[in-house]
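1. Here is the input, now give the coordinates:
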Amino acid sequence: MRREIKGYHVLALFVGAFAVIVAVNLVLATMAVRTFPGLEVKNSYVASQTFDAERRAQEALGWNIVPGVTEDSVTLAVLGPDGPVESRITEATLGRATHVAEDSALAFRFDGTRFVAPRPASLTSGYWNLRLAMTAPDGTPFRQRLTMWVEE
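-> Predicted coordinates:
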């Protein structure tokens, strides 16, 4: 016995398909909003007005930042054209790129060649971002976000 496809069958199929699409979109949108770490700057237009000048001044320093992780510490080598640089770190936040739940503020101290901070307990394997704000000895502000891969 063959069943005939009627109008309400086609309607139910279309409504069901679109219901699945809408439900998946709502779930994904909710997950995206919940994991959004927040704003980088309050007003992007105002920040853009000085961006190029700040970038040129930062690049003129000629610094190379090399992060590292050991069993008990997080290290940061700030290398200038003449060797290690002792700058003033005003902010150092270690966290995931996708959420702020595991963010840790690091308290670096200079040991003569590099900066060293105790390793946070939350630092497990995976990708981590180190967001730095420093001031050069001549007063030039320096900001950089470094991506680190941590293995256990």
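2. can you map out the strands along the protein?
-> 64-69, 73-80, 83-84, 88-95, 104-105, 109-110, 115-118, 126-135, 141-150 (DSSP state E).
3. among those strands, which is nearest Thr30?
-> Among the strands of the chain, strand 88-95 comes nearest to Thr30, with 21.8 Å by Cβ to Cβ. C-beta here means a position set from N, CA and C on the backbone, and glycine is covered the same way.
4. Can you pull out the low-pLDDT segments for this structure?
-> 37 (pLDDT under 70).
5. Centre-most residue in the chain?
-> Compute the mean C-alpha point of the chain, and by Cα atoms, centre = their mean the closest residue is Ala97, 3.6 Å away.
6. separation between that one and Met148?
-> Ala97 is 11 Å from Met148, where distance means Cβ to Cβ, to the nearest Å.
7. one step back: nearest to Ile21, of the strands of the chain?
-> Ile21 lies closest, by Cβ to Cβ, to one member of these: strand 126-135, at 31.1 Å.
8. Looking at the protein, which helix is longest?
-> Across the chain, the longest stretch assigned as helix under DSSP state H is helix 7-35.
9. Now do the contacts for the nearest residue to Thr93 once chain neighbours are set aside.
-> Spatial nearest neighbour of Thr93, chain neighbours left out: Arg131 (4.6 Å); criterion: Cβ to Cβ, 6 or more residues apart in numbering. With contact set as Cβ atoms under 8 Å, 6 or more residues apart in numbering, Arg131 has these partners: 91-95, 145.
10. what is Arg131 paired to in the beta sheet?
-> Applying DSSP bridges to Arg131 gives these bridge partners: Thr93, Arg145.
11. how close does it get to Arg3?
-> In terms of Cβ to Cβ, Arg131 sits 62 Å off from Arg3.
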